[in-house]
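Chemist: the sequence isn't on hand, but the structure is:
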């Protein structure tokens, strides 16, 4: 069975500090990993995916197959980063997503 | 392009009543998903359609939940009879899986329909 674990329900950091949101997964095969973000009163939206290897809004995430992790990082947090962050995996193609429980990130001024 | 549209946004019903949610995906998106998100949890896939056919409904509680996408565009999710534990946000999502504007497997979500069962 596939599973996504986000160990932190809540993460609070100060503006300008580094941020790391943890995500671990279990999947028998080669999954596709994603980070979705939900800002206050907005819909869930894709932040980034591992196959793109891109940086969005200063965030990056590297897939570590050995540790089955896909942690989200940003070197300098900004107040507008405050949101719910969900890690998700897919078997590829049009497969539906399996989500973690989410981490609520709060950036303090 | 217009986003995924859902209605109603909010619904309060008594247990054992029925409710239906409607979803209009992004134009041209062949794949449509319904997710259930209970407070404090991540979304859970209920059912996936490819055009008007069901691809995956393994997590749909079929004794009370049903969904259809008769013409391969709009979709309806129904709950009958509702239980207290069905209180959740029901998210519709869509993805373009073929065509000249194929954007990889980016799934776009609607704003959700909030259901409270009392």
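Modeler: Right, received. Where do you want to start? Note that the coordinates shown come from a computational prediction; the quantities given were computed from them, not determined experimentally.

Chemist: OK, contacts around residue A:71?
Modeler: Residues in contact with residue A:71, defined by CB atoms under 8 Å, 6 or more residues apart in numbering or on different chains, are A:20-23, A:61-62, A:64. For glycine as for every other residue, the C-beta is placed from the backbone atoms N, C-alpha and C.

Chemist: between these, which is nearest residue B:27?
Modeler: The nearest member of the contacts of residue A:71 to residue B:27, counting by CB to CB, is residue A:61 at 30.5 Å.

Chemist: counting neighbours, what do you get for that closest one?
Modeler: As a burial measure, residue A:61 scores 27 neighbours (other CB atoms under 10 Å in any protein chain shown).

Chemist: check residue A:88 too.
Modeler: Residue A:88: 25 neighbours (other CB under 10 Å).

Chemist: is residue A:80 located within a helix, as I assumed?
Modeler: Yes. Counting by DSSP: H, G, I helix; E, B strand; the rest coil, residue A:80 is part of a helix.

Chemist: and it, what's its pLDDT?
Modeler: Looking at residue A:80, its pLDDT reads 96.

Chemist: ok, it - how many residues close by?
Modeler: So residue A:80, with other CB under 10 Å, has 10 neighbours.

Chemist: ditto for the one 10 residues further on
Modeler: Using other CB under 10 Å, residue A:90 has 19 neighbouring residues.

Chemist: list the contacts for the closest residue to it other than its chain neighbours?
Modeler: Closest residue to residue A:90 apart from its sequence neighbours, by CB to CB, 6 or more residues apart in numbering or on different chains: residue A:32 at 4.7 Å. Residues near residue A:32 by CB under 8 Å, 6+ apart: A:49-51, A:89-92, B:105.
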